[in-house]
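Novice: sequence below, structure please.
(4 chains)
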2 protein chains.
Amino acid sequence: MKQSDEQNAVRLLQAADMFRARLAGEFAAVHGISVNEYLMLKHLAQAAKTRLPRVELARRMHVSASTVTRMAAPMEKIGLVARETDERDARTAFVVLTQTGQARLDEAEATFAKQAGYLFEDRWTDTERGSFADLIGRLAQRAPGPLT
Amino acid sequence: MKQSDEQNAVRLLQAADMFRARLAGEFAAVHGISVNEYLMLKHLAQAAKTRLPRVELARRMHVSASTVTRMAAPMEKIGLVARETDERDARTAFVVLTQTGQARLDEAEATFAKQAGYLFEDRWTDTERGSFADLIGRLAQRAPGPLT
DNA sequence: CATATATACTTGCAAACGGAAATAACTTGC
DNA sequence: GCAAGTTATTTCCGTTTGCAAGTATATATG
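Specialist: Numbers count the residues shown, from 1 in each chain, chains lettered A, B, ... in the order given. Prediction:
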């Protein structure tokens, strides 16, 4: 429990809140999805068969199972994801990424990358970007299902 | 818009979500406050006269003004914060940290530091903690009212 | 094979949040 | 000093979320 840990954790929360707030506006206006919906599509895209059981998706997104249930419903209606059943286990209902969902993800990815560019713009050198990727990557390692 | 920017931004969101989720449980159980309430107390604690106009508090916390209004109400009832008016401008209503609020913040601070310790434990060297503080500090610079 | 326990998902309920509209107070340009 | 525009705050309404309870299915234990 080093002294700087607390400060680092506070800044982590602050920076994330700032970025998320900026992202939310453009995502809603341009792509019609929320930041969490974007992250859900992203988790699915990199999963085997581009699908995941709801419980696993909840773990990776750090939200509750009920949140996944209610997030998936409207996304199914507009065709971003679909529902699949498991032959071996009738309890599990996979959330599957559709082609439409993949297309929407690709579009939103561009906006995300642009905003990420603004965030780090003129602040860090290329070397520092690499250092940060290394450090935060080790944090994400502890999380279930790190994104890329 | 470097290639690694997007990955770094995703990991930033992921790490923050993970930490926030872990923190929320212990905060609610042990201290009876939410993570956002903790951050509000923290912002007030380091402000001049330990008080801030609601709009400024909203900006610093990356939430809407209405959220500050509704967050402050129950916190006033239990004496964590109080309301003060501005003599020069009758529109602004300061949120002021009380002694009770400062005490509660101090208690919660210990839990926060403990959880922050878990987050970075055995992952980063002291040098790396310093590097991270430097990097994320430059990000927070862009945000209004960086915490420490 | 029957019962107990564990797991996956959904639903009801209450808390938290953002955006728009309403109100009040300040500031600017003339 | 007055009209027009701006700023600070609150309230209303719809959306998102977590937790607890309920249902269905799977696994373990005797």
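Novice: helix, strand, or coil at the residue nearest the centre of chain A?
Specialist: Nearest to the mean C-alpha position of chain A, by CA atoms, centre = their mean, lies A:Leu39 at 2.3 Å. Using DSSP: H, G, I helix; E, B strand; the rest coil, the structure places A:Leu39 in helix.
Novice: just the strands in chain A please.
Specialist: Here chain A has its strands, by DSSP state E, at A:51-53, A:81-85, A:93-97.
Novice: the first one pairs with which strands, and in what direction?
Specialist: Within its sheet, strand A:51-53 is paired with strand A:93-97 (antiparallel), according to DSSP bridges.
Novice: and the angle from the partner strand to strand A:81-85?
Specialist: In terms of direction (axes from the mean of the first three to the mean of the last three CA atoms, to 10 degrees), strand A:93-97 departs from strand A:81-85 by 140 degrees.
Novice: contact partners of strand A:93-97?
Specialist: A:40-41, A:44-45, A:49-54, A:57, A:68, A:72, A:80-86, A:105 (CB atoms under 8 Å, 6 or more residues apart in numbering or on different chains). For every residue, glycine as well, the C-beta is placed using N, CA and C.
Novice: that strand close to DNA strand D?
Specialist: No. Applying CB under 7 Å from any atom of the strand, one finds strand A:93-97 out of contact with DNA strand D, separated by at least 10.5 Å.
Novice: that strand close to DNA strand C?
Specialist: Yes. Judged by CB under 7 Å from any atom of the strand, strand A:93-97 comes into contact with DNA strand C at A:93-94.
Novice: same check, this time on stretch A:129-148
Specialist: No. Using CB under 7 Å from any atom of the strand, we find that stretch A:129-148 stays clear of DNA strand C, coming within 12.5 Å at best.
Novice: now do that stretch, average pLDDT.
Specialist: Stretch A:129-148 shows a mean pLDDT of 83.
Novice: rewinding a little: of the contacts of strand A:93-97, which ones also sit close to DNA strand C?
Specialist: Among the contacts of strand A:93-97, the residues that sit close to DNA strand C (CB under 7 Å from any atom of the strand) are A:53-54, A:68, A:72, A:83.
Novice: residue ranges with poor pLDDT in chain A?
Specialist: Scanning chain A for pLDDT under 70 picks out A:1-2, A:142.
Novice: how much space between the residue lying closest to A:His31 once chain neighbours are set aside and A:Met61?
Specialist: Leaving out its chain neighbours, the residue that sits closest to A:His31 by CB to CB, 6 or more residues apart in numbering or on different chains is A:Ala108, at 4.6 Å. For A:Ala108, the distance to A:Met61 (CB to CB, to the nearest Å) stands at 16 Å.
Novice: what subset of the contacts of strand A:93-97 is buried?
Specialist: A:40-41, A:44-45, A:50-54, A:57, A:68, A:72, A:80-82, A:105 (16 or more other CB atoms under 10 Å in any protein chain shown).
Novice: quick one: contacts for the nearest residue to A:Glu56 once chain neighbours are set aside?
Specialist: In this structure, A:Glu56 finds its nearest non-sequential neighbour in A:Gly145, 7.4 Å apart by CB to CB, 6+ apart. Residues in contact with A:Gly145 (CB under 8 Å, 6+ apart) are A:43, A:47, A:56, A:59-60.
Novice: of those residues - the most surrounded one?
Specialist: A:Arg60 (22 neighbours; other CB atoms under 10 Å in any protein chain shown).
Novice: hmm, that residue is touching A:Pro53, no?
Specialist: No. With contacts counted by CB atoms under 8 Å, A:Arg60 stays clear of A:Pro53, the gap being 10.6 Å.
Novice: ok, A:Arg83 touching A:Ala73?
Specialist: No. Between A:Arg83 and A:Ala73 there is no contact under CB under 8 Å: 9.7 Å.
Novice: buried set for stretch A:93-110?
Specialist: Neighbour-count burial for stretch A:93-110 [16+ other CB under 10 Å]: A:93-98, A:101, A:104-105, A:108-109.
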